[in-house]
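[1] everything below, folded, please.
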Amino acid sequence: MRQLLITSLLVLLPGVAAAQDSVIVVPFHRQGGARQSSGPDVRGLPRDVAQEVIQFVNAPTTLRLSGETRIPPARGIDGDVAVVGGPVSVAGRISGALMVVNGDLVLESGAVIDGDVLVVGGAIRGANAARVGGETRSYRDPLRYRRDADTLAYAPRLEMPWRRTRSDVGGSTSGIVLSLGGTYNRVEGVPVVFGPSADLRLNESMRFRADARAILRTAENFSLETGRMGYRVGGELVVGSRASNIGLGARAYDVTSSVESWPMKDFEAGWAAFLLHHDYRDWYRRRGFGLYGALRPSRTLSLTVEGRQEDHFSLTTNDPFSLFDNNAVWRENPTITDGRFRTLAASLRWDTRNESSAPSSGVFVQGELQATEGSDITGIVDPFLVCITTPCVPASLADGKLTFQRILVDARTYLRLTGNARLNLRLAGGGKLGGDDLPLQYRMSLGYPDPLPGYRFRQFSCGGDLLPGTPALCDRALVAQAEYRMHLGFDFGPDWANDWGDDSGERWEPFHVSGPDVVLFADAGRAWSVGSGPGQIPADRLPALSSFRTDLGVGLDFGPVGFYLAKSVGPVSVPLTFSVRLGRRF
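    Residues are numbered from 1 along each chain as shown. Below you'll find the predicted structure:
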């Protein structure tokens, strides 16, 4: 009940909603004159998509139509077509691309579109009945525009005066950012971020993006000593269009990172710490630099290879403020395996979802494969190691090095069953592939509140519950999740959203209520240690399916907030659990 009341307070008070994510951008201009800013950049339709729409609609070769439109069978249109207002029905042929702005698109049997199909502010129905030669995309969020003579101009709405402003000259943007961003936690409080950023258009096919951020850790003593302040500095040269390009970049950083990123989203973990005095993650400090190359052949696919060198440091718990139970003692932040680590990492991201925050169709796959060599190791690797002689060093560190390989995968699919019903599936996990023992900061666990909410916090941690702070100690973890959603009907409220961290998919709309969705879900997972000892599983095997732990649950999702009940199933019995989630579970 306390969580329910607190979450209701969160949804009703915009002042509280701004506590973790207030951004002020002070714009400045390059020489050559300034163009008037278009106003605050309100998160909704992605800006690059909005610019793509404006450019397409205003192109002299585009046939522009307005209002309800139908292309009957045996009729055709040569070239590109844009329809503003919709709805649009196509039963004939379009020899170019089709764009529908703020309306739905119905593709009837026999329809043929030779180019791409893009719908903003609406949905696509009947895609399987038509033949589309290019890419098909749709976005729920409408385009905010104004008419300027015979053209359209991008005009996002001003909803939150504290959000952000932008100015640009000839396609280049620059500014100074002051931000309360990141994840509130028991180690650094909330990080205050300050610094300049720029996105410079060098020519038609080349851009340079750069930013520099100083990070003030508010739970520290505000000194300039090493470790008291952090930073992020980076730059990337992008060659190609916004839709398809190659990037070469470098970055340097001194940041606080979480040991496990999947116990809830960043902003959920932050609000749990700020409101309820519960920090469900553990934290360590990363200082280093990286060089990377990125191949982005389309908007949906990116491949990145990065080499990085980092120093990792353990962090101790501080005493930041929390709104409730502020006098309680924070859970101890477990130590990690301190040392220097060189890593070569290859990552893939494939995202065909129609939306990132509340998808109703599409596929999302994200994975990373990394090979790491550690040196100058000063932290522990085996917290259960008992030594008779000194020095107390495990066998894997006898040569002073720690070499290992690791993989992480998150694969999701979103299926539209009917107009109001959805089936969402997820398979995620990974861990040690080979080599020496994993450092403690790369270990894993499962339990409440995510992704196995029917069990206790880190109930499956390979012995972590026996140690202070309940650290995650498993080498591998695997979880499968399924949920069936039935939408019950209403949708109201403003469209602006809060941004969280550096991930553009971390979007939360605290005042836009849609639904409720009735959610029926099931989860199954297992976390384990690799080896030949008692309770361990050899590296070339997976645990038996009968050993996976499962839970079942039901919830009501109102868009910005959802309420869920979950119950463990099987030999491990745990009382019914209740959780409040901000946004979708996955």
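
[2] contacts, neighbours, all on C-alpha from now
    Will do.

[3] this structure: helices as residue ranges?
    2-12, 14-17, 47-58, 266-276 (DSSP state H).

[4] so how far is the longest one from its chain's centroid?
    If I follow you right, that is helix 47-58. On the basis of Cα atoms, centre = their mean, to the nearest Å, helix 47-58 sits 24 Å off its chain's mean C-alpha point.

[5] in that helix, what counts as buried?
    Neighbour counts over helix 47-58 (16 or more other Cα atoms under 10 Å) mark 49-50, 53-58 as buried.

[6] just give me the closest of those to Glu68.
    Nearest to Glu68 among the buried residues of helix 47-58: Val57, at 16.6 Å, using Cα to Cα.

[7] go ahead and confirm that closest one touches Ser66.
    No: using Cα atoms under 8 Å, Val57 is not in contact with Ser66, being 11.2 Å away.

[8] any common contacting residues for those two?
    Common neighbours of Val57 and Ser66, using Cα atoms under 8 Å, 6 or more residues apart in numbering, do not exist here.

[9] which residues touch the residue nearest to Asp475 when sequence neighbours are not counted?
    Leaving aside its chain neighbours, Asp475 sits nearest to Ser529 (4.8 Å; criterion: Cα to Cα, 6 or more residues apart in numbering). By Cα under 8 Å, 6+ apart, the residues touching Ser529 are 462, 473-476, 535-537.

[10] against Leu200, how distant is Ser529?
    Distance of Ser529 to Leu200, computed by Cα to Cα, to the nearest Å: 48 Å.

[11] same question for Leu552.
    50 Å.

[12] over to Ser360?
    Distance of Ser360 to Leu200, given as Cα to Cα: 35 Å.

[13] do the same with Asn420
    43 Å.

[14] next: Arg217.
    For Arg217, the distance to Leu200 - Cα to Cα - is 30 Å.

[15] ok, now Leu216?
    27 Å.

[16] now Gly463
    Distance, Gly463 to Leu200, by Cα to Cα: 51 Å.

[17] please name the residues that touch Ser347.
    Listed by Cα under 8 Å, 6+ apart, the contact set of Ser347 reads 303-305, 366-369.

[18] retrieve the pLDDT associated with Gly489.
    In the prediction, the pLDDT value recorded for Gly489 is 69.

[19] then Ala111?
    93.

[20] listing request: residues of the stretch 151-300 of the chain with sub-threshold pLDDT.
    Residue ranges of the stretch 151-300 of the chain with pLDDT under 70: 156-171, 181, 221-227.

[21] again with the chain
    The chain contains residues with pLDDT under 70 at 1-44, 149, 156-171, 181, 221-227, 385-399, 489-515.

[22] same thing but at 50, please
    Along the chain, segments meeting pLDDT under 50 span 1-43, 158-167, 504.

[23] got the domain ranges for it?
    Domain assignment for the chain by automatic domain parsing gives 47-148, 376-586.

[24] just to revisit the earlier point, ok, of the buried residues of helix 47-58, which one's closest to Val572?
    Val49 (48.2 Å).

[25] residues contacting Leu488?
    So Leu488 contacts 420, 515-518 (Cα under 8 Å, 6+ apart).

[26] distance of it from Gly583?
    Computed as Cα to Cα, the Leu488 to Gly583 distance reads 17 Å.

[27] so which of the contacts of Ser347 belong to strands?
    303-305, 366-369 (DSSP state E).

[28] need the max-distance pair from those residues.
    Based on Cα to Cα, the longest span within the ones in strands among the contacts of Ser347 runs between Val305 and Gln366 and measures 13.7 Å.

[29] hey, what's Ala482 bridged with?
    Beta bridges link Ala482 to Leu425, Ala522 when assigned by DSSP bridges.

[30] what about the closest residue to Pro263 other than its chain neighbours, neighbour count?
    In space, and not counting its chain neighbours, Pro263 is closest to Asp450: 4.8 Å by Cα to Cα, 6+ apart. Neighbour count of Asp450, defined by other Cα atoms under 10 Å: 20.

[31] doesn't Met264 make contact with Asp450?
    Yes: in this structure, Asp450 is within contact of Met264 by Cα under 8 Å, at 5.7 Å.

[32] fine, thanks again, bye for now.
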